[in-house]
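Colleague: Build the 3D model from these lines:
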Amino acid sequence: MSLSVSALNKSFDSKPVLKNLSFEIPAGSCLGLLGNNGAGKSTLIHTICGIMQADSGDISFDGEKKTAEDINNLRSKMGILPESGIINPDLTGREQLSFTTLLYGLSPEKLREQTETMIEYFFDNPDDLNRRTGTYSTGMRKKLGLIAAFLHKPSLVLLDEPFSGLDPSTSRLVISFLNAYKREDRTLLVSSHNLSYVDQVASHIGVLHKGSFAFWGTRQEFTRDGNAQIEDSLFNLLVPDEKNTERLKELLN
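Modeller: Next up is the predicted model:
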């Protein structure tokens, strides 16, 4: 499922957060969404999936413009991992996944085999899914959220900080899973501050800065055909201005 956004605007209390954003993610691509804290990354994800409504602009899937109601009806084709998660601490892991399938309008029985396979992939001890999620560590909650985002094999996946809270070995599992999940009819958007992990999954890079794109293009373009590290490219793009440099000098004197 391709995704395109045209002239998207979103403000909070009259403060612009997204400013006239226009872009397209072709089907089969993975966008690495980068930017400093407060750049608008989470707001963009929430607007695309219908958690928030834009002030103006259009969102299209496979070339068709969609209203807020249309986006809600497309929820069964989307996989969403908010940064804060959507875990109910009073439910067990399996109950949480069953509840998630109902939110997508799907049958838990139909997805049982797929769900169990993913549990075995991400969890060393599948019995952990019988415990209340309120007893889970941050990493366990993140793994459960990832399973919930993918269990119905969505065509569009929006992941906000999927690696935060995960140990390196689990992060490697997630990277392998994301790369294996890619297909010509699927689109992924991954927002993360872990640049080395983004570098391993992204085909395209978008850098949000103060609500607008400071860069939009392929990963090869962003890293100058691999001649620059993704960290260096991002720093060079968002280097602090002279005013902030002068303030730092004053603090250190």
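Colleague: Give me the below-cutoff pLDDT ranges for the stretch 101-250 of the chain.
Modeller: Where the stretch 101-250 of the chain drops to pLDDT under 70, the residues are 240-245, 248.
Colleague: What segments of it are strands?
Modeller: For the stretch 101-250 of the chain, applying DSSP state E, counting those that start in this stretch gives strands covering 156-160, 187-191, 204-209, 212-218.
Colleague: Could you export the second one as PDB, CA atoms only?
Modeller: As requested, C-alpha coordinates have been extracted for strand 187-191 and formatted as PDB (Å, rounded to 0.1, in the frame of the first residue of the first chain):
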ATOM      1  CA  THR A 187       4.900   0.000   3.200                       C
ATOM      2  CA  LEU A 188       6.700   0.600   6.400                       C
ATOM      3  CA  LEU A 189       7.400   3.900   8.300                       C
ATOM      4  CA  VAL A 190       9.900   3.600  11.200                       C
ATOM      5  CA  SER A 191      10.500   6.600  13.400                       C
END
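Colleague: Let me see the ranges of the helices in the stretch 151-253 of the chain.
Modeller: 168-181, 195-201, 219-222, 230-237, 242-252 (DSSP state H, counting those that start in this stretch).
Colleague: most tightly surrounded among these?
Modeller: helix 195-201 (a mean of 19; mean count of other CB atoms under 10 Å). Glycine gets a C-beta too; all of them are placed from N, C-alpha and C.
Colleague: Only C-alpha atoms, please: export that helix in PDB.
Modeller: C-alpha atoms of helix 195-201 as PDB (Å, rounded to 0.1, in the frame of the first residue of the first chain):
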ATOM      1  CA  LEU A 195      20.200   5.700  13.600                       C
ATOM      2  CA  SER A 196      22.300   2.500  13.200                       C
ATOM      3  CA  TYR A 197      19.100   0.400  13.300                       C
ATOM      4  CA  VAL A 198      17.300   2.700  10.900                       C
ATOM      5  CA  ASP A 199      20.200   2.400   8.500                       C
ATOM      6  CA  GLN A 200      19.700  -1.400   8.400                       C
ATOM      7  CA  VAL A 201      16.000  -1.300   7.400                       C
END
